[in-house]
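sequence and predicted structure, then a few things I'm wondering about:
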2 protein chains.
Amino acid sequence: MSTAAPRRTGQDQLWSVDEHLEDILATVRPLEPIELQLPDAQGCVLVDDVTVPVSLPPFDNSSMDGYAVRVADVAGASEEFPAALDVVGDIAAGQPADLLYVGPGQAARIMTGAPLPAGAEAVVPVEWTDGGLGEGPVSGMRARSLAPEQASGHVRVYRPAEARAHVRAKGSDVKAGDRALDAGTVLGPPQIALLAAIGRGAVRVRPRPRVVVMSTGSELVQPGEELGSGQIYDSNSFALTAAARDAGAIAYRVGAVADDADTLRSTIEDQLVRADLVVTTGGVSVGAYDVVKEALEHVGDEDEAGSGVEFRKLAMQPGKPQGFGSIGPDHIPLLALPGNPVSSYVSFELFVRPAIRALMGLEDVHRPTTRAKLVADKALTSPKGRRQFLRATYADGTVRPVGGAGSHLVAALAHADSLIVVPEDVESVEPGADVEVVLLG
Amino acid sequence: MSTAAPRRTGQDQLWSVDEHLEDILATVRPLEPIELQLPDAQGCVLVDDVTVPVSLPPFDNSSMDGYAVRVADVAGASEEFPAALDVVGDIAAGQPADLLYVGPGQAARIMTGAPLPAGAEAVVPVEWTDGGLGEGPVSGMRARSLAPEQASGHVRVYRPAEARAHVRAKGSDVKAGDRALDAGTVLGPPQIALLAAIGRGAVRVRPRPRVVVMSTGSELVQPGEELGSGQIYDSNSFALTAAARDAGAIAYRVGAVADDADTLRSTIEDQLVRADLVVTTGGVSVGAYDVVKEALEHVGDEDEAGSGVEFRKLAMQPGKPQGFGSIGPDHIPLLALPGNPVSSYVSFELFVRPAIRALMGLEDVHRPTTRAKLVADKALTSPKGRRQFLRATYADGTVRPVGGAGSHLVAALAHADSLIVVPEDVESVEPGADVEVVLLG
């Protein structure tokens, strides 16, 4: 456990949102790097600087379909006075550079990407030639398989070419020894393109964190089943598993553990083998059946599951009761979120998402924030001393609350794309005021 | 095939970027809906309006851990003159609403989310009581398993409560019959939360498209292997598979098919069984070994693979040669992109990504665009009559080109986050000018 945040003792001490987050981020370390095949590394963070092993392109090659020629042979060529050259053969992409030699008065038919043959100094596009047909400029070549004779014979060239015209020089993209990508780069499609292009089939990255999401509560029923009296559907395990995936994790859902401390403890222990982070919902408040707290709060043997989880009250709304610590012999971090669907979702955004992104080794773990003008029918009210997060929709510099402040309004959450942040010392925000907004993206 | 775009004939006709895109989007239809389990529906588009089958919450319940009481019994209660009530038992979340009855002078200990028992009118938080200990206000309850005696005996209440205080009313979140989500909604975590909360374990959505990505070229070698003379590494199949995944598809990579028309045709036919869209790279230009064109261009039996692919020249840079059509008995759409890594990547962004998102049934298939001020050392030049796309980095309303216009500069692509668009009729853009920018996100 970290000592970065000021230590609080007792459950009556209020932690600020920032103190709790700071404690989490000071504790959660990036996962150990592993070697992954390129397609599996998508979205991961590169651990080492990557250097270019071989220059790109690795050889001078043609940027056009046309003819490789000597500059002197086509000097002054025009439609009226074309240069006539002997075609010594075809060079297709993938053929070796030493296949052909272009001597004076000669040309090689060459395809885009094929190596420039020795002797040749430039490429003239096929559209500047008669393509060997003797009937003026052509628009392209016929397929070799259909017209093999065009790889020999003569070609008329109607325009001159400067040295290196339509030649992509070896190393003109990247040179051997250049830095291709820096450690810390997130591997999106263009970075994967570059790694493949320089021949890297595998890279060392931080793996996607495996996040086990577990809801607790004897009242919870799986969606699709029948509700009994006093029961509700489990939504947290579905929502937070989806949110963990969105954040970049490999997420495992463990639905609805009943409110029994022994069952919960053994379920968590069973899950540790596939967890880099455990997230629970429910059972963290001041009730007599708050099973997460009961199961994990005791301080025992360091090697015992549940040895280091601390339960706190946070100066926020929603999401006041929170637990954080580490469990099991490998000290897997665990975040215990409150059970109300909106409280748990907001808590996920504020605390779990940054923890997942810290495990991934990302530098920027936070959602973007902006300032916006509040559009509302009446002033927003917020409890003194608590940082309030209100679901809202953001557009073009304005933000509009959706639904009320009640932590159970999951319907409003589904129509929100942002959170309005009302600071601890503000109890009322007038329409038109400038407010901080977290963009949920 | 569509007739929305003006038909062009012959390969010398130039299609505009917009005409080509319009033709693709007029042809590609959203995939047929399927029923998916909620976790599998993440990121998919909802096909039907979803109505709330049961009000949420489905019963009046407590928003606090505390005591369910009658209002009259706690009227005027204070720390000096507490109300003393008989505790008739515990109501935990998940227990039925008719478990207990709260009569005059009685209270039931109640947990957050538990149903309000008959007879009770309000909940007082445990912090407003002595928790049954007789020693002034407490900060919470002890676990039932450790202190079962607290579920009975007496409790002192130190503050009055209004009717319905700390009670979440049945239907206060959503009411049975309300519209929960509209058809067309993209199912992110909050929407999945709502669907689970209303008991929907499965939903009808448009599935993720299965996209087969295939690179062609006899010069291509798998990254990690040794390069021979005239060979380069295959990067397109890796890059576009990653990009297809990013766009929401299930992507299958088929690496580096050699430049042989029969091999290519049979490879494509083999892949059709798992394809909603086929993307090829390379082999679409005017050379004698342009195998994609050779294999797919002929017009034959409608039921034969390759019957309906048309190859075009587009008024754009990079990415001039493009193919589009449908293949096989199921008329699977196929986009044939040029082989240069940057050309193929830009083509993917402009044409394939919108096609994937159209298959998903998304309304907004395009990347966001913005206007920005060009920051550059010298004017950008662009060929007349071609729409040019330049890799760039965007920040705070300014945009800066990365690398040159050469279509082979894959290194620059890996450091770009946006594309500068230079319209067809513009040949030069001065530093400081206002330009259109596609944000690659």
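Noted; the coordinates are in hand.

hey, let's count contacts and neighbours off CA atoms from now on
OK.

what's the neighbour count on the single nearest residue of the stretch 201-350 of chain A relative to chain B?
Using C-alpha to the nearest C-alpha, the closest approach of the stretch 201-350 of chain A to chain B is made by residue A:219 at 3.3 Å. Per other C-alpha atoms under 10 Å in any protein chain shown, the neighbour tally for residue A:219 reads 24.

how close does it sit to residue A:281?
13 Å (C-alpha to C-alpha, to the nearest Å).

then residue A:136?
Taking C-alpha to C-alpha, one finds residue A:136 at 77 Å from residue A:281.

more neighbours, those two?
The residue with more neighbours, out of residue A:136 and residue A:281, is residue A:281; 30 against 16, by other C-alpha under 10 Å.

dig out what that one forms beta bridges with.
Residue A:281 has these beta-bridge partners by DSSP bridges: residue A:215, residue A:337.

ok, now which ones touch residue A:93?
A:111-115, B:217-219, B:230-231 (C-alpha atoms under 8 Å, 6 or more residues apart in numbering or on different chains).

which one of these is nearest to residue B:14?
The closest of the contacts of residue A:93 to residue B:14 turns out to be residue A:112 (C-alpha to C-alpha; 20.5 Å).

and residue A:266, which helix or strand is it part of?
For residue A:266, the host element (DSSP states H and E) is helix A:261-271.

which helices and strands does that helix pack with?
Packed against helix A:261-271 by the contact rule (3 or more C-alpha pairs under 8 Å, 6 or more residues apart in numbering or on different chains; DSSP states H and E) you find helix A:291-296.

go through the helix it packs on and flag the buried ones.
Using 16 or more other C-alpha atoms under 10 Å in any protein chain shown as the test for burial, helix A:291-296 gives A:291-296.

equivalent analysis for stretch A:130-150, please.
Those would be A:130-132, A:136-137, A:140-144, A:150, for stretch A:130-150 by 16+ other C-alpha under 10 Å.

and the contacts of it?
A:79, A:126-129, A:151, A:153-158, B:12, B:286-290, B:294.

ok, now stretch A:32-44?
A:47, A:186-189, A:192, A:195-196, A:200-208, A:248, A:360, B:238, B:242.

just the ones of those in strands?
A:202-206 (DSSP state E).

how about the residues of the stretch 251-400 of chain A that lie near chain B?
Proximity of the stretch 251-400 of chain A to chain B, by C-alpha under 8 Å from any C-alpha of the partner chain, involves residues A:285-290, A:294, A:341, A:345.

and the two most separated of the residues you listed?
Greatest spatial distance in those: A:288 and A:345, 23.7 Å, computed using C-alpha to C-alpha.

and chain A, what are its domains?
As recorded under automatic domain parsing, the domains making up chain A are A:14-31+A:208-359, A:35-57+A:175-206, A:61-168, A:369-439.

neighbours of residue A:67, just the number please.
Neighbours of residue A:67 (other C-alpha under 10 Å): 30.

nope, residue A:431 is what I was after
Residue A:431: 16 neighbours (other C-alpha under 10 Å).

just the element for it, please.
Using DSSP H and E, residue A:431 falls within no helix or strand.

looking at the contacts of stretch A:130-150, which are in strands?
Of the contacts of stretch A:130-150, the ones assigned to strands by DSSP E are A:154-157.

nearest to chain B, of those residues?
Looking across those and measuring by C-alpha to the nearest C-alpha, the closest to chain B is residue A:155, at 14.8 Å.

pretty sure the closest one is in contact with residue A:86, am I right?
Yes. The criterion here is C-alpha atoms under 8 Å, and residue A:155 meets it with residue A:86 at 6.5 Å.

the lowest-mean-pLDDT helix or strand in chain A vs chain B: in contact?
Within chain A, no helix or strand scores below helix A:410-413, which has a mean of 83 by mean pLDDT, DSSP states H and E. Yes. Using C-alpha under 8 Å from any C-alpha, helix A:410-413 reaches chain B at A:410-411, A:413.

how about those residues in JSON lines, adding neighbour count?
Shown next, in JSON lines, are these (neighbours: other C-alpha atoms under 10 Å in any protein chain shown):
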{"residue": "A:410", "neighbour count": "28"}
{"residue": "A:411", "neighbour count": "24"}
{"residue": "A:413", "neighbour count": "27"}
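
circling back: next one: the least confident helix or strand of chain A to chain centre, how far?
26 Å (C-alpha atoms, centre = their mean, to the nearest Å).

and for stretch A:246-261?
Stretch A:246-261 sits 22 Å away from the centroid of its parent chain (C-alpha atoms, centre = their mean).
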